[in-house]
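[1] any chance you could fold what I've pasted below:
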Amino acid sequence: MGKGKLALVLHAHLPYVRSIEPGSLEEDWFFQALMECYLPLIETLEKAKNEKDQSPKITISISPTLLSLLNDKVLKNRFPSWVDTRIQILKDSPYNKTFASINLQESIKRQLDNWKKYEGNLIRRFQSLERSEVIDILTCAATHGYLPLLRENPETVKGQLKTAIKEHFRLLGIKPLGIWLPECAYYENLDEIMQEVGLRYAVLDGHGLLHASPRPRYGLYAPICSKNGIAFFGRDSDSTLPVWSAKEGYPGAAEYREFHRDLGWDLPLEKLTKYGIKDARPLGLKLHKITAQNIRLENKELYDQDMASGLVKKHAKNYLQGRKIQLDLLEEKMEISPLLVAPFDAELFGHWWFEGPKFLFELFKQAKKEKVEFTRLKDVLQKTQTLQLCNPSPSSWGQGGYHHYWLNESNAWIVPEWTKAGTAMVKHSNKVRSNTFENKLLKQAARELLLAQSSDWSFILRAGTTTELAKERIHRHLNRFWSLINCLEGKDKISTDFLSKVENEDYIFPAIETKDWNSYKNDSNLY
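    Predicted coordinates:
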């Protein structure tokens, strides 16, 4: 029996928020994630890789929509100006002379320098980390479609997965074998489609394994294999709760930075309009600490970077010691090496929890001393000779553990719209077309269908935040889909100018193939 290991799994995803016009709220989502999460995360992994006493190993999924945003030249060109504006706002704010503001300015400038040094090419840096065996990159469904709610037309599930694989291969140059199923959502026989398109492993929430048939002998602490040859890993709640929970875990500590108090809410609107920001919104500029959970936002104290950094080291040590205790107990009872799988949204590290990237670095730094070894999911499968044969249970990692968060009174109306559009897409993809214009119409219809299927908009409708934006996005993509389909059916006419406009705005998945929605098997065009 070998030594047990810990597998950290991060899910990096944003919906397709590209906008022709600069300054949109959606574009802010992407730029804030770049500044607070993706740049610090890459910096952390590169730094840990170059330390002699560290052996960082992590699994990370990068959704195809996020890859597209990272590769977008328009967004790349806008980002430095967006960052410079934030720095200037800090300098002009009433907090300018405080240590909290000075430290934040330095942090932002460092990330901007980090960006410029590599010419904004985060994809190349992810590739380098994968070649160095620091990370294992998983794909996701093309637009993060919630697959159990698309199952009435299995071809639409295939369309999500095949398009994702193509985009992953196009931008990263390698065929993905692992996938982060959107929201870790699984339904019966999804593994058959996964096997058909060339995927081999995925992560599920804990009950996806614990309720499997038969029940796995080692519970969550070893991957299982489905009847169709797909390996599944289960989330260990003991390994995740201390990190993601603001109430019961580390992120809620008084000395850490307060997420909800943002300078964008503190400054008057006339000050924001001076910088071309037309409405009150979070700017990604947070200068206060949590102080205490029960204190009102306006009474929060200013953030102290040094105090927070000291606490990060203590929390990293505490986390590793907890995992070591877990692994020691499991090693006594198991005949194979135990595995702890700890999956998180990547944006927890830096965006939601500002100290998250420092926490990761401290984990890698202290791991040797605390006798905890990290691994990637890919490495586990390569070193495991046999897996128990089990059928996973339908599940998700959403509230309630199944599909309710994406199928309730606030968003259930979308599902029949997806089904109706999916049926039309399958019907037209089965037809052989020699007309170039018709093929362009159908390819763009496929893009609009995928964009309408994004689970992010359903999530927003249920959460009650920016709901009008979510509704607008859903209706925009569905309306464009039907305009394109009606033109194909001769019910309507659209101009080449209209098609060019839509293609320019929804500029995603250039390698898309409409044959991926065929109602018969045809995998010759996967790559």
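
[2] please report how far residue 461 lies from residue 140.
    Per C-beta to C-beta, to the nearest Å, residue 461 is found 21 Å from residue 140. Quick note: C-beta positions are derived from backbone N, CA and C, even for glycine.

[3] ok, those two, which is more surrounded?
    residue 140 (27 against 22; other C-beta atoms under 10 Å).

[4] need the contact list for the more buried one.
    11, 13, 61, 62, 63, 64, 164, 179, 180, 181, 182 (C-beta atoms under 8 Å, 6 or more residues apart in numbering).

[5] redo that, cut-off 6 Å
    Each residue near residue 140 by C-beta atoms under 6 Å, 6 or more residues apart in numbering is listed here: 61, 63, 180.

[6] do residue 481 as well
    The neighbours of residue 481, taking C-beta under 6 Å, 6+ apart as the test, are 421, 445, 448, 449.

[7] now the terminal residues of stretch 120-136, how far apart.
    Taking C-alpha to C-alpha, to the nearest Å, stretch 120-136 runs 21 Å from one end to the other.

[8] quick one: contacts of it?
    The contact list for stretch 120-136, computed with C-beta under 6 Å, 6+ apart, reads 42, 45, 49, 56, 58-60, 70, 76, 137, 171, 376, 378.

[9] swap in stretch 209-216?
    220, 224, 234, 388, 390, 391, 392, 393.

[10] distance across it, terminal residue to terminal residue?
    End-to-end distance of stretch 209-216 (C-alpha to C-alpha): 7 Å.

[11] what mean pLDDT does it get?
    Regarding stretch 209-216, the rounded mean pLDDT is 97.

[12] what does stretch 65-79 give?
    What stretch 65-79 shows for mean pLDDT is 97.

[13] endpoints of it, how far apart?
    Span of stretch 65-79 from end to end, C-alpha to C-alpha: 17 Å.

[14] list the buried residues of that stretch.
    65, 66, 67, 68, 69, 70, 71, 72, 75, 76, 78, 79 (16 or more other C-beta atoms under 10 Å).

[15] can you flag which of the residues you listed belong to strands?
    Within the buried residues of stretch 65-79, no residue falls in strands by DSSP state E.

[16] out of the residues you listed, which is nearest to residue 299?
    Set against residue 299, the nearest of those by C-beta to C-beta is residue 79 (34.1 Å).

[17] OK, contacts around the closest one?
    residue 31.

[18] what of residue 355?
    Counting by C-beta under 6 Å, 6+ apart, residue 355 has contacts 256, 308, 312.

[19] would CSV of those residues with neighbour count and pLDDT be doable?
    CSV is the format used below for the contacts of residue 355 (neighbours: other C-beta atoms under 10 Å; pLDDT from 0 to 100):
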residue, neighbour count, pLDDT
256, 24, 98
308, 19, 98
312, 22, 98
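
[20] just to revisit the earlier point, specify which member of the contacts of residue 140 is nearest to residue 93.
    residue 63 (34.1 Å).

[21] you'd agree that closest one is up against residue 13?
    Yes: using C-beta atoms under 6 Å, residue 63 makes contact with residue 13 at a distance of 3.9 Å.

[22] which residues are common contacts for these two?
    Common contacts of residue 63 and residue 13, defined by C-beta under 6 Å, 6+ apart, comprise residue 144.

[23] more neighbours, those two?
    residue 63 (28 against 24).

[24] what's the spacing between the more buried one and residue 199?
    Here residue 63 is placed at a distance of 14 Å from residue 199 (C-beta to C-beta).

[25] and if you look at residue 477?
    Per C-beta to C-beta, residue 477 is found 25 Å from residue 199.

[26] just flag the most distant two among the contacts of stretch 209-216.
    Maximum pairwise distance among the contacts of stretch 209-216 (C-beta to C-beta): 16.1 Å, between 220 and 391.

[27] tell me which of those two has more neighbours.
    residue 220 (26 against 17).

[28] now that one: how far from residue 210?
    7 Å.

[29] ranges for the strands of this protein?
    According to DSSP E, the strands that the chain contains are 5-12, 58-62, 135-140, 178-180, 201-204, 224-225, 231-234, 339-345, 388-389.

[30] could the ones you listed go into a markdown table alongside mean pLDDT and distance to residue 118?
    Below are the strands of the chain laid out as a markdown table (pLDDT from 0 to 100; distance: least, C-beta to C-beta, whole Å):
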| stretch | mean pLDDT | distance to residue 118 |
| --- | --- | --- |
| strand 5-12 | 98 | 17 |
| strand 58-62 | 98 | 16 |
| strand 135-140 | 98 | 16 |
| strand 178-180 | 98 | 25 |
| strand 201-204 | 98 | 29 |
| strand 224-225 | 98 | 39 |
| strand 231-234 | 98 | 32 |
| strand 339-345 | 98 | 24 |
| strand 388-389 | 97 | 43 |
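
[31] got those strands as a markdown table, with distance to residue 159 columns?
    Shown next, in a markdown table, are the strands of the chain (distance: least, C-beta to C-beta, whole Å):
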| stretch | distance to residue 159 |
| --- | --- |
| strand 5-12 | 21 |
| strand 58-62 | 19 |
| strand 135-140 | 14 |
| strand 178-180 | 15 |
| strand 201-204 | 18 |
| strand 224-225 | 26 |
| strand 231-234 | 23 |
| strand 339-345 | 25 |
| strand 388-389 | 29 |
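
[32] which of those strands sits closest to residue 513?
    When the strands of the chain are compared (using C-beta to C-beta), the closest one is strand 135-140, at 16.3 Å.

[33] tell me the angle of the closest one relative to strand 58-62?
    Relative orientation of strand 135-140 and strand 58-62, computed by axes from the mean of the first three to the mean of the last three C-alpha atoms, to 10 degrees: 30 degrees.

[34] for residue 61, give me its contacts.
    With C-beta under 6 Å, 6+ apart, residue 61 has these contacts: 11, 138, 140, 180.

[35] thank you, goodbye.
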